[in-house]
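1. next one to model:
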Amino acid sequence: MAHRILLVEDHTASRATLAILLETSGYDVDTAADGREAVELLGEHGYDAIVSDIQMPTMDGVELYRQIQQRWPHLAPRVVFMTAHRSDRPQTDPKGSPPPVLSKPFTLQRLREAVACAITRAA
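-> Here you go, the predicted structure:
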């Protein structure tokens with residue numbers, strides 16, 4: 001059975017491209033356009049990893065991460081962030097280790113590695 005990934009990205013074209021890349025890598029992918037939509041999906045489904053942009057309107061990735069820490073702390077180690085801004089760094093999880101951050105642009109191989117590591121950390 002394929003691992004289920006939640007992809008959170010506000011740019012429509014990037015979200016669609018990343019979803020296709022993850023699906024062709026063997027993952028089941030749900031998508032959300034912002035943190036608020038992601039919180040709704042997290043309340044309805046279980047995920048093996050969450051890949052989220054940091055800078056988004058409505059609810060950004062940092063606030064989404066805080067919500068995950070508070071409401072679903074077991075998912076905090078499963079978060080991987082993406083950003084085009086090197087200064088973006090979310091707070092650490094309750095165990096003190098920061099979530100990994102993929103700097104845009106990144107390769108498909110780097111994305112696959114980050115998702116695989118998130119799934120392994122969660123096991």
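2. can you tell me, leaving aside adjacent residues, what's nearest to residue 22?
-> Excluding the flanking residues, the one nearest residue 22 by Cβ to Cβ, 6 or more residues apart in numbering is residue 29, at 4.8 Å. Any C-beta I mention is one placed from the backbone N, CA and C, and that applies to glycine too.
3. strand partners (parallel or antiparallel) of the host helix or strand of that neighbour?
-> According to DSSP states H and E, residue 29 maps onto strand 28-32. Here strand 28-32 is paired, per DSSP bridges, with strand 4-8 (parallel).
4. ok so, going back, and the angle from the helix or strand following the strand holding residue 29 to strand 4-8?
-> Per DSSP H and E, strand 28-32 leads on to helix 35-44 as the next helix or strand towards the C-terminus. Here helix 35-44 points in a direction 160 degrees away from that of strand 4-8 (axes from the mean of the first three to the mean of the last three Cα atoms, to 10 degrees).
5. can you mark which positions in helix 35-44 are buried?
-> 35, 36, 37, 38, 39, 42 (16 or more other Cβ atoms under 10 Å).
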